[in-house]
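>>> model the following, please.
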Amino acid sequence: MTQIVSYMKRRLFILTSLLYFFIVTDNSPAQKTGEKFIDNSPGYDIAVYYFPNYHNNDTRNEQRYGKGWSEWNLIRDALPRFEGHDQPKIPLWGYTNESDPEVMEMKINVASEYGVDVFIYDWYYYNDGPFLEKGLEDGFLKVENNNKVRFALMWANHDWVDLFPRNPEIPAAPLFYPGVVTPETFDKMTDYIISNYFSRPEYWKIGGCPYFSVYELYMFIESMGGKEKAWEALESFRNKTKKAGFRDLHLNAVVWGVKILPNEKELKDPADVLDYLSFNSTTSYVWIHHVALSQFPETEYTEVQEKYFNFCDSFAKTIKQPYHPNVTLGWDATPRCSQKVAFENFGYPCMAVLKNNTPENFQKALQKARSWSDKNYETNKIITINSWNEWTEGSYLEPERKYDYRYLEAIKSVFKMK
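Just a heads-up that it's a prediction; the model follows:
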């Protein structure tokens, strides 16, 4: 009976929130057919990464961890790992199911209201097919209001290892799905992308070209069998995209200099590779791909921010492609670190966290990113944010009990026309 009451309360909260945002943001139902997309941040595209491991009906997850498992389980189980550590995090909306269209409709209304233009989905496709796709396909793509926030893909082609949670006493995290795929898989995958995603009117396009981002360039080149074969694979992807009726393909590369995930390999000499493979733009996923956390167990947020923007200044001078700056809300991957092992600096995810990543400091970082973009570009001003819902890495815009909607309010304050 207690579980039934709890369930009904959660559903009532979601429906109430949905009704509230429907009233304040739109007086008529959003229609996808013939409806123009809403510019939530005039002059800028605020593109927020979305990590889709918060639905409780993923087949692979259920096979490994049991029916109903999602990364919410790690959030519920998180404990403080040192004095003053702010864990566990309590989501204001509860432990929602992102594959539920009602839930996603609410998220889209909120994102649009506070200035988010695009969800860039962390998108997984291995040799045996897609993974974690239900958050997008059963959630976002099934709602009627998705003309308010567009979507795009970042192919998260990294090794998928067991981090749920990670036991640092085991030297190497077990590998579940290797990031290296065959050329045949890539060809099949790009057909799937063009027919299932690019063809959707709500897919994000830059100058008429669908935006597609690659997380690990090194892994992609290795998968294709070298730089020349990688060029051929991307050229085929471009040609298929054009044949489908689009102007071209906008290829974006995620870059970094500090390895974080197990088995990551730093890309050497990125400028030459970006040119050779004809990438159109670059960006970053998270600040700590460029700035090592110097203090354990906590490193100051503003210190990392300063070093990151120094990286932006130097890196942008070395490449021909536009570099779209990133703003990271925070970092605390301890929910993915076994709560049963003493907390030491073992490396990801048992590593330092960012402190003082307050909404006020986040807003200052947004202002810095805006100024940096204004200084470097006249058009196509794109800013990526980590992220909408990286709860187990401590970087999320979704409201949490401590700060409520204040991170979202920071975006609205900096980018949305009053």
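>>> going by C-alpha atoms from here, please, whenever you check contacts or count neighbours.
Will do.
>>> secondary structure class for Gly43?
Of the three states, Gly43 takes coil under DSSP: H, G, I helix; E, B strand; the rest coil.
>>> ok, it - contacts?
Contacts for Gly43 (CA atoms under 8 Å, 6 or more residues apart in numbering) come out as 379, 381.
>>> for it, give its distance to Cys312.
Look at Gly43 and Cys312: by CA to CA, to the nearest Å, they are 21 Å apart.
>>> and if you look at Lys67?
Counting by CA to CA, the gap from Lys67 to Cys312 is 43 Å.
>>> more neighbours, those two?
Taking neighbours as other CA atoms under 10 Å, Lys67 and Cys312 compare with Cys312 leading, 19 against 13.
>>> thinking the more buried one is in contact with Asn326, fair?
No. At 9.2 Å, Cys312 does not count as touching Asn326 under the criterion of CA atoms under 8 Å.
>>> pull up the distance across stretch 41-60, start to finish.
End-to-end span of stretch 41-60 (CA to CA): 37 Å.
>>> buried ones in that stretch?
Using 16 or more other CA atoms under 10 Å as the test for burial, stretch 41-60 gives 41, 43-58.
>>> report the mean confidence score over it.
Average pLDDT, stretch 41-60: 97.
>>> output the below-cut-off pLDDT ranges for the protein.
1-35, 257-268, 417-418 (pLDDT under 70).
>>> centre-most residue in it?
Nearest to the mean C-alpha position of the chain, counting by CA atoms, centre = their mean, stands Tyr49 at 2.3 Å.
>>> A strand includes it, no?
Yes. Applying three-state DSSP, one finds Tyr49 inside a strand.
>>> helices along the protein, start to end?
Remark: helices assigned in the chain by DSSP state H are 2-25, 59-65, 72-77, 101-113, 134, 183-193, 217-224, 227-243, 270-276, 301-316, 359-376, 406-415.
>>> same list, those helices, but as a markdown table with distance to Leu397 please.
Formatted as a markdown table, the helices of the chain follow (distance: least, CA to CA, whole Å):
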| stretch | distance to Leu397 |
| --- | --- |
| helix 2-25 | 16 |
| helix 59-65 | 24 |
| helix 72-77 | 15 |
| helix 101-113 | 9 |
| helix 134 | 21 |
| helix 183-193 | 27 |
| helix 217-224 | 27 |
| helix 227-243 | 33 |
| helix 270-276 | 30 |
| helix 301-316 | 16 |
| helix 359-376 | 10 |
| helix 406-415 | 6 |
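>>> closest to Lys36 out of those helices?
Proximity to Lys36 (CA to CA) singles out helix 101-113 among these, at 13.8 Å.
>>> that closest one packs against which elements?
Packed against helix 101-113, as judged by 3 or more CA pairs under 8 Å, 6 or more residues apart in numbering; DSSP states H and E, are the following elements: helix 2-25.
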